[in-house]
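Trainee: below are the sequence and a predicted model for it; my questions follow.
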Amino acid sequence: MAKLPPLAQYALRLGDDALILGQRLSEWCGHAPALEIDLSLANIALDLVGQATHFLGLAGEIEAKGRDADALAFKRDVLDFSNCLLVEQPNGDFARTIARQFLFSHFQELQFGALTGSTDPRLAAIAAKAVKEVAYHARLASDWVARLGDGTDESRARMIAGLDWMWRFVDELFVLDAIETKLASQGIAVDKPALRAAWDARIDGVLAEATLSRPAPHRPVLGGREGHHSEHLGHLLSEMQFLQRAYPGATW
Amino acid sequence: MYTTDLSGKDKKKSEPTPLKQEDPKLLAAFEARVANDEFIEPKDWMPEAYRRTLVRQISQHAHSEIVGMLPEGNWITRAPSLRRKAILLAKVQDEGGHGLYLYAAAETLGTSRAEMIEALHSGKAKYSTIFNYPTLTWADIGAIGWLVDGAAIMNQVPLQRTSFGPYARAMVRVCKEESFHQRQGYEIMMALAGGSREQKRMAQDALARWWWPSLMMFGPPDDKSPNTEQSIRWRIKRETNDELRQKFVDVSVPQAEAIGLSIPDKKLKWNEARGHYDYGEIDWEEFYAVVRGEGSVAKERMQARVKAWEDGAWVRDAALVHAAKRTAAKIAAE
Amino acid sequence: MNNDWPLWEVFIRGKGGLSHRHAGSLHAADPAMALDHARDAYTRRMEGVSLWVVPSAQIVASDPAQAGPLFEPAEDKIYRHPTFYTIPDNVKHL
C-alpha cells in the first residue's frame, strides 16, 4: 500500500483501534455471562463500529484515492493495519475482556477529550461525539474491575490474570512516533505521552477500589502502529474480511 | 420475535392437565373480564391453567429470542460492510432485549429467570423450531430478517392486545423495536438478488431453505392445535395458526416476485375464488422432528447456550458477593 | 450457586418536564449495575433523559382484591369534577 499522508495515517490509526476492538466485542454477542451484560457489550461494540466508520471515512477522504471506510476496513492486510496491539487481543474470559476495555477506554476517553481541541475540525467533531461514548465505556469497565477484583476468590484470580495478560500492551498506547509528533506540534494530533499521568491516576484509583495492585512491569510490546501485530490479527481479519475477499467487487 | 405454537399431535407424554377445581364464581368473573377485553395483572386472581399456559408461552417466547441470537450472531463478525455489521449487531442485540422483556413478563407470574433458563437447558422448555436451522451464507441473514421476522411480526402484532398486561406491554415494546428487522432483511435480499450471479444464487438458495420452516413457525394446522380455542378465548392468542399462515403467504409472494426470487413451492397459485394463494403441503413430520430436538443444529444451539450460562456463573456469583461486601461495609460505616 | 441477580423496576423520564414512567424490569447485582443495565436495555432508542431504578422487592402495591374498597368510593363523588356544575353559557372565565 502506498504511504498515506500523515493526517490520513493518523485518522486511520484512530479508526483501526475502534474497528478492531468493536470486532472483538461483537464476538461476545449471544454468549455473555448474563443477558443484560450482552446488551451492554453490544452497545459498546456499536459505539466503536460507529467511531471506526467516521475515522476510516475521514482517512479515505484525506487520502482522496477513492477508498471509503469499507475499502479500508475490508481490503487491507495485516501490515497495513495500524491499530494498537491491545485491542486485537482475543476476548479470553469475561475478566480479560474487561481488563482490555478498562485499560483502553480510559486511554480513549483522555485521548478524545484532548482531540476535541484539535486544530483539525473534522477530527475534533468526531472526538466530541465519541468522548461521551467512551466515558461510559470507561466507567462501566471500571465498575466491573471493582466487582471482579473484590468479588469471589475465583473472580479475583481471573481479574488479576486478565490485567496481567493485557499489561504488556499498555505502553504502546502512549507512544508518539515521528508522524504523530509532527501532527501534535501543529495542534492536530494528541500529545499522548502527556496523557500518561492522568491515565495512571485513573487506573490506580480503580485498582485500589478493586483491592488490586498493578501487574508487574513488563517490557513494552510494540509494533502495531507500523503494522507489526500479534498473530491474532490475521485470524481476526480473515474472518472479518471473508465476504469482501471471496467476492471481489460485489456490493452488499 | 418468535412464538411458535409447539402443541399438537406429537404429545406422547402430553400433560393431561389435571386442572384443579377452580372456584366457579372467581372463574366466571375472570372469564367475564377477559371477554370484556380487560387486562389481567400479575396479582389478580387467575385460573391455574391460565397461569401455567402463560408461563409456558412467554418463557418459550423468551427462550426463542435468546436462542435466536445464535444463528444471526454467527454472521456479525463476517458482515460484509461496516453498515451491515452495525445493523446486524443492533438487531441481534434487540433480540436479547426482547428476551429480557419477556423473561421479566413471565417472572411476574412467579417463575424466576434462573428456573426458566434451567428448563431450557434441561430440554424441558421448548423454543421456536426455526432456530435449529443453520445460517450457511450471508443471504441467510437476509432471509431470516425478511421471512422469519416477517412471520414473527405477524404472530406478535395481535399479542400487543393479549389479556395478560405484562405480556401485552412487553409485546408493544417488542413490536415497536422490531419494525426495522424485517426491512433490513429484505434490503439484504434485494442487494443480493440484484447483485452478481453468485450473490443471486445465495439469495435463491436461502429463500429455498427458509421458506418452509418459516411457514412452520405459525404452528400446527388448526385441527391439530388443541390449545387454540382456549387460548383465543383467553386472548393469549388472537388469530389461528392457519389464518396467520395464509396471511403470511399472501404478503410474501409479491415480495419475492418484486426482487425476482422464486418461492420453492410448485403448488403455489393465486386462487381467485378464495382471494388467497393456495400453497403446497407442509412437511409436518419435519416440524415435529425439530420440535423433538432433531433439528440439524439443535445440539449446537443448546451447547452454545449452556456454555455461555456456565462460563458466566463465576461472573454472576462475583457480582453478588461484591454487592454483599459493599452493603456490609456501608452498614458497618453507619 | 445459580441465583438470579435481584430484580429491579426501571422508570424513564421521556423528556424534560414529564414524570418518570415505568418501562420494565431487569436483573442487576447492585444499584450502579442496575442503572447501567437500564440504560443499555431500555434507552437504546433515545427513550429518555433520566432513569430511576428501584429494587422490585421495595415496591409496595395495593391488593387487587381490595380494589373495590380502595377505588370505588370515589366513583360517586362526581361533584369533584367541573362538569358537575351547570353555568349559563354567557358567563365566562369559570
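Mentor: Cool, the structure landed. Note that the coordinates shown come from a computational prediction; the quantities given were computed from them, not determined experimentally.
Trainee: give the closest residue to whichever residue of chain A sits closest to chain B in space, chain neighbours not counted.
Mentor: Proximity to chain B, evaluated over chain A using Cβ to the nearest Cβ, is greatest for A:P33 at 2.6 Å. (Each C-beta comes from the backbone N, C-alpha and C, glycine too.) Spatial nearest neighbour of A:P33, excluding adjacent residues (Cβ to Cβ, 6 or more residues apart in numbering or on different chains): B:G312 at 2.6 Å.
Trainee: which helix or which strand is home to the closest residue to B:S196 other than its chain neighbours?
Mentor: Ranked by Cβ to Cβ, 6+ apart and with sequence neighbours excluded, the top spatial neighbour of B:S196 is A:A250, at 5.3 Å. Under DSSP states H and E, no helix or strand contains A:A250.
Trainee: near chain C, which residues of the stretch 51-200 of chain A?
Mentor: A:136, A:140, A:143, A:147 (Cβ under 8 Å from any Cβ of the partner chain).
Trainee: so which of the residues you listed is the most crowded?
Mentor: Highest neighbour count within these: A:R147, with 27 neighbours (other Cβ atoms under 10 Å in any protein chain shown).
Trainee: who are the neighbours in contact with that one?
Mentor: By Cβ atoms under 8 Å, 6 or more residues apart in numbering or on different chains, the residues touching A:R147 are A:155, B:318-319, B:322-323, C:29-30, C:33.
Trainee: what about the helices in the stretch 51-200 of chain B?
Mentor: B:82-107, B:113-121, B:138-143, B:149-156, B:165-193, B:197-216 (DSSP state H, counting those that start in this stretch).
Trainee: summarise which helices and strands the longest one is packed against.
Mentor: Identification of packing neighbours for helix B:165-193 by 3 or more Cβ pairs under 8 Å, 6 or more residues apart in numbering or on different chains; DSSP states H and E yields helix B:82-107, helix B:138-143, helix B:149-156, helix B:197-216, strand C:20-27.
Trainee: right, so of the ones you listed, which gets closest to A:A161?
Mentor: strand C:20-27 (26.6 Å; Cβ to Cβ).
Trainee: can you name the element that comes right after that closest one?
Mentor: Next helix or strand after strand C:20-27 toward the C-terminus (DSSP H and E): helix C:31-42.
Trainee: would you mind listing the buried residues in that following helix?
Mentor: Neighbour counts over helix C:31-42 (16 or more other Cβ atoms under 10 Å in any protein chain shown) mark C:32-42 as buried.
Trainee: between the residues of the stretch 51-200 of chain A next to chain C, which is nearest A:G234?
Mentor: In terms of Cβ to Cβ, no member of those lies closer to A:G234 than A:L140, at 29.8 Å.
Trainee: my guess is the closest one meets A:S40, correct?
Mentor: Yes - counting by Cβ atoms under 8 Å, A:L140 touches A:S40, with 6.3 Å between them.
Trainee: overlap in contacts of those two?
Mentor: Jointly contacting A:L140 and A:S40 under the rule Cβ under 8 Å, 6+ apart are C:D36.
Trainee: okay, now the unreliable bits of the chain?
Mentor: This is for chain A. Applying pLDDT under 70 to chain A flags residues A:1-2.
Trainee: that answer is for a different chain, and I need it for chain C
Mentor: The low-confidence ranges in chain C, as defined by pLDDT under 70, are C:1-2.
Trainee: near chain B, which residues of it are found?
Mentor: Taking Cβ under 8 Å from any Cβ as the criterion, chain C approaches chain B at residues C:1-5, C:7, C:24-27, C:29-30, C:33, C:41, C:44-45, C:61, C:63-65.
Trainee: and the residues you listed, which are buried?
Mentor: The neighbour-count test (16+ other Cβ under 10 Å) marks C:4-5, C:7, C:24-27, C:29-30, C:33, C:41, C:44 as buried among these.
Trainee: residues in contact with A:L207?
Mentor: For A:L207, the contact set (Cβ under 8 Å, 6+ apart) comprises A:145, A:149, A:213-214.
Trainee: out of those residues, which comes closest to B:P213?
Mentor: Within the contacts of A:L207, distances to B:P213 taken as Cβ to Cβ reach their minimum at A:V145, with 43.7 Å.
Trainee: ok, the closest one to chain C distance?
Mentor: Note on A:V145: its distance to chain C, by Cβ to the nearest Cβ, to the nearest Å, is 13 Å.
Trainee: that residue contacts A:I98, correct?
Mentor: Yes - using Cβ under 8 Å, A:V145 is in contact with A:I98, at 6.1 Å.
Trainee: looking at those two, which is more packed in?
Mentor: More neighbours surround A:I98 than the other of A:V145 and A:I98, with 27 against 24 (other Cβ under 10 Å).
Trainee: residues contacting the closest residue to chain A within the stretch 201-334 of chain B?
Mentor: With Cβ to the nearest Cβ as the measure, B:G312 is the residue of the stretch 201-334 of chain B nearest to chain A, at 2.6 Å. By Cβ under 8 Å, 6+ apart, B:G312 lies in contact with A:32-34, A:37, A:94.
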